[in-house]
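*Asks:* coords please:
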Amino acid sequence: MTMSMKAAVYRSFGGLICIENVSMPTAPSDGVVVQVMATGVCRSDWHGWKGHDGDVIKHGLPFVPGHELSGIVIEVGEETSYVKVGDHVAVPFILSCGSCRSCAANQPTVCHDQNQPGFTQWGSFAEYVALPRADRNLCRIPSGVSFVQAAALGCRFTTAYRAVIQQGRLKSNETIAIFGCGGLGLSCIMMAVSIGATNILAIDISQNALEKAKQLGATHVVHANGEDNQIIRQKVMDCTPHGDGVDLTVEAAGFPSSCENAIWCTRRAGRMVQVGLPIGSRPPEVPMGVVAGRELEIIGSHGFAAVDLPPLLQLVADGKLDPSIVVEKCVTLEEGANALENMDNGSPLGMTVVTMFDNKSRL
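*Replies:* Next up, the predicted model:
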């Protein structure tokens, strides 16, 4: 008899996301089945639902979103040896293969054969999810770290860490400007604070988002709603110590104008990191003459390597980092699906996490 589970399923791009009974997954030979204890509602899931993501399109419909997850291993495949039944695990959203040229060069975030729950396969908006490549990618959650904290690390915080610390190479004495203060942008602010940065600029069209940014450590905010791009750029410049630009700009919103503004606000020989997923049909107009003449670095940033997850989890266990600060509410699976649909009207302030799959919390 085939067992069933509840999952949030969409059968057309941009169509209704409905809670359905579907067949429970089985463990891949190199993987596991995880009982989902917490899963975040992320703007990237919205992109997949709207038909913006090539991996989701390639997979085909129907589809289950969700990639920011933590949970308990309930089944392991015959080739899985490190991860055990009963383990509490955190899951990076890039499950790298370990055998391609990029993985061999210790660059798993650009693995040639990535598996991504919620994009290349059904995701974690479900009671259970099957995950391949478990021994290579899954990480046991240390004592003292909650499932909600671990799920919050799985995408936003890890992506912010890579963008700000690894790719952006931010130093404590440098200025950073974050364009876009949704969950990812706010996490970038917290990463800058965590290394002792003292000049942190936040730019957004939402006053509420900017207030949250200040609470989390932004030292300057620029309200961009309705402002001309030239005015926005000048306001950012005015917040820098010498008025000549920002050491590191991070684009975390995905809009063409915020990408363009980030480039124009970067100081000579400075760095700009693009981590926000592009939104809209118009590509940004990148002033390559400025990039060349000012010797700017434009750096892409995508995801996070599984090998770097244990140190971050330990920071949480030690009380030095708390990703749950950006969690606004914990909800049911149906409410999580509704929250994803409501991103049509803009990103919510903070993070929504699904922790209730049968209308009662698993935590």
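*Asks:* tell me the buried residues in the particular helix or strand that has residue 313 in it?
*Replies:* Residue 313 is located in helix 309-317, with elements delineated by DSSP states H and E. Using 16 or more other C-beta atoms under 10 Å as the test for burial, helix 309-317 gives 309, 312-313, 315-316. The C-beta positions use only the backbone N, C-alpha and C, and glycine is treated the same way.
*Asks:* could I get the residues you listed as JSON lines with pLDDT and distance to residue 333?
*Replies:* Putting these into JSON lines (pLDDT from 0 to 100; distance: C-beta to C-beta, whole Å) gives the following:
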{"residue": "309", "pLDDT": "95", "distance to residue 333": "25"}
{"residue": "312", "pLDDT": "92", "distance to residue 333": "27"}
{"residue": "313", "pLDDT": "95", "distance to residue 333": "25"}
{"residue": "315", "pLDDT": "90", "distance to residue 333": "30"}
{"residue": "316", "pLDDT": "94", "distance to residue 333": "25"}
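*Asks:* could I get those as a markdown table with distance to residue 150?
*Replies:* As requested, the buried residues of helix 309-317 are exported to a markdown table (distance: C-beta to C-beta, whole Å):
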| residue | distance to residue 150 |
| --- | --- |
| 309 | 9 |
| 312 | 10 |
| 313 | 7 |
| 315 | 12 |
| 316 | 8 |
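*Asks:* so how many other residues sit close to the nearest residue to residue 89 once chain neighbours are set aside?
*Replies:* Spatial nearest neighbour of residue 89, excluding adjacent residues (C-beta to C-beta, 6 or more residues apart in numbering): residue 138 at 4.6 Å. Using other C-beta atoms under 10 Å, residue 138 is surrounded by 25 other residues.
*Asks:* over to residue 11?
*Replies:* By other C-beta under 10 Å, neighbour count at residue 11 equals 12.
*Asks:* just the strands in the stretch 151-300 of the chain please.
*Replies:* All strands of the stretch 151-300 of the chain, identified by DSSP state E, counting those that start in this stretch, fall at 175-179, 199-204, 220-223, 246-251, 266-274, 297-300.
*Asks:* so which of those is nearest residue 4?
*Replies:* Shortest distance between residue 4 and these, using C-beta to C-beta, is found for strand 297-300: 40.6 Å.
*Asks:* tell me what that closest one is packed against?
*Replies:* Helices and strands touching strand 297-300, by 3 or more C-beta pairs under 8 Å, 6 or more residues apart in numbering; DSSP states H and E, are strand 266-274.
*Asks:* then the strand it packs on to PDB, C-alphas only?
*Replies:* Once non-C-alpha atoms are left out, strand 266-274 reads as follows in PDB (Å, rounded to 0.1, in the frame of the first residue of the first chain):
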ATOM      1  CA  THR A 266      30.800  51.400  -6.100                       C
ATOM      2  CA  ARG A 267      34.000  53.400  -5.500                       C
ATOM      3  CA  ARG A 268      37.000  53.100  -7.800                       C
ATOM      4  CA  ALA A 269      38.600  49.700  -7.600                       C
ATOM      5  CA  GLY A 270      35.600  48.600  -5.400                       C
ATOM      6  CA  ARG A 271      33.500  45.500  -5.600                       C
ATOM      7  CA  MET A 272      29.900  44.900  -6.500                       C
ATOM      8  CA  VAL A 273      28.200  41.500  -5.700                       C
ATOM      9  CA  GLN A 274      25.100  40.400  -7.600                       C
END
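*Asks:* for the strands of the stretch 151-300 of the chain, which one ends up most surrounded?
*Replies:* strand 175-179 (a mean of 29; mean count of other C-beta atoms under 10 Å).
*Asks:* looking at the strands of the stretch 151-300 of the chain, which is nearest to residue 286?
*Replies:* strand 297-300 (7.5 Å).
*Asks:* measure the nearest residue to residue 303 once chain neighbours are set aside to residue 82 for me?
*Replies:* Once flanking residues are discounted, residue 303 sits nearest to residue 94: 4.2 Å by C-beta to C-beta, 6+ apart. Distance of residue 94 to residue 82, given as C-beta to C-beta, to the nearest Å: 18 Å.
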